[in-house]
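dropping a prediction and its sequence here:
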Amino acid sequence: PDPSLLKFGEIGGQIDLFYNFKKGTNLGGKYGTKIAVNAAYWAGLKGDFNFTDRDAEIEYFGFGQKYFSEFSLEVRKKWSRKWQSIFYYVNQYYNQRFITDQRGVVNSNIAVAESTYRINSKRSVRVELQHLWTPDDDKNWAGGTLEFNVTPRLSFYATDIYNYGNDVEDEQIHYYNFGGSYARGATRVALNYGRQRGGLVCVGGVCRFVPQSTGLTVNITTAF
């Protein structure tokens, strides 16, 4: 046990702000513009820890070691009846030492641009570009996604994230994935082939560690 890693709880919170620029205004344009701002901060409870006696005096509303913070800005813009875009920026602080028992902290900035074009009432194409830059951990990443929705039930996609900034040249890897999904009623079947980046993966609020792998994945989801 590391005496400097003692934890006796957490304290923090987040706030979301939303604003709509009305149609016909300078910033709203013909279809209006939506903006969302999010800020979050989480830390360990402040206290005086006695490692030898396994005891502590805790300040239940005191902020101690910083664990995580995030600031994000999202802009949603509709350009025409068929074309709309989302622009997203995130500034994030992630304390690996206290959250996942790894060394160091990660200070990162993330930029995302996404556009969806509706071909007709059923078909659409979505393109997404992402970039993460940081002087910490595995350094810079770039990613992109191309998605084609044939019908509301059937869709295909191709995606790739590239760790081009890694200091180890052999670990500058492309994590590519190709797949599709089909939904009928309350059942959805998804098929995917590609490389899975190892680490903490969170889906639907459930997080788990997964190993790095390459292979075929089938997911079946249903409700009854």
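Great, that's in hand. All figures in this text were calculated on a predicted structure; none of them were measured in a lab. Numbers count the residues shown, from 1 in each chain.

report the central residue of the chain.
Centroid check for the chain by CA atoms, centre = their mean gives Cys202 as the closest residue, at 8.6 Å.

per-residue confidence for that residue?
In this model, Cys202 is scored at 70, pLDDT.

same check on Gly13?
So Gly13 comes in at 95 (pLDDT).

secondary structure class for the residue located most distally from the centre of the chain?
Ranked by distance from the centre of the chain (CA atoms, centre = their mean), the top residue is Asp53, with 40.4 Å. Classification of Asp53 using DSSP: H, G, I helix; E, B strand; the rest coil returns coil.

can you give me the strands for the chain?
10-21, 33-50, 55-78, 83-95, 105-118, 124-133, 141-149, 154-162, 174-184, 187-196, 199-203, 206-210, 213-221 (DSSP state E).

pipe the ones you listed into JSON lines and attach distance to Leu27 per row.
Backbone N, C-alpha and C define where each C-beta goes, glycine included. JSON lines is the format used below for those (distance: least, CB to CB, whole Å):
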{"stretch": "strand 10-21", "distance to Leu27": "4"}
{"stretch": "strand 33-50", "distance to Leu27": "6"}
{"stretch": "strand 55-78", "distance to Leu27": "10"}
{"stretch": "strand 83-95", "distance to Leu27": "13"}
{"stretch": "strand 105-118", "distance to Leu27": "18"}
{"stretch": "strand 124-133", "distance to Leu27": "23"}
{"stretch": "strand 141-149", "distance to Leu27": "28"}
{"stretch": "strand 154-162", "distance to Leu27": "32"}
{"stretch": "strand 174-184", "distance to Leu27": "36"}
{"stretch": "strand 187-196", "distance to Leu27": "38"}
{"stretch": "strand 199-203", "distance to Leu27": "34"}
{"stretch": "strand 206-210", "distance to Leu27": "37"}
{"stretch": "strand 213-221", "distance to Leu27": "40"}
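
weakest of those strands in terms of mean pLDDT?
Looking at the strands of the chain, the bottom one is strand 199-203 with a mean of 72.

now it and strand 206-210, what's the angle there?
150 degrees (axes from the mean of the first three to the mean of the last three CA atoms, to 10 degrees).
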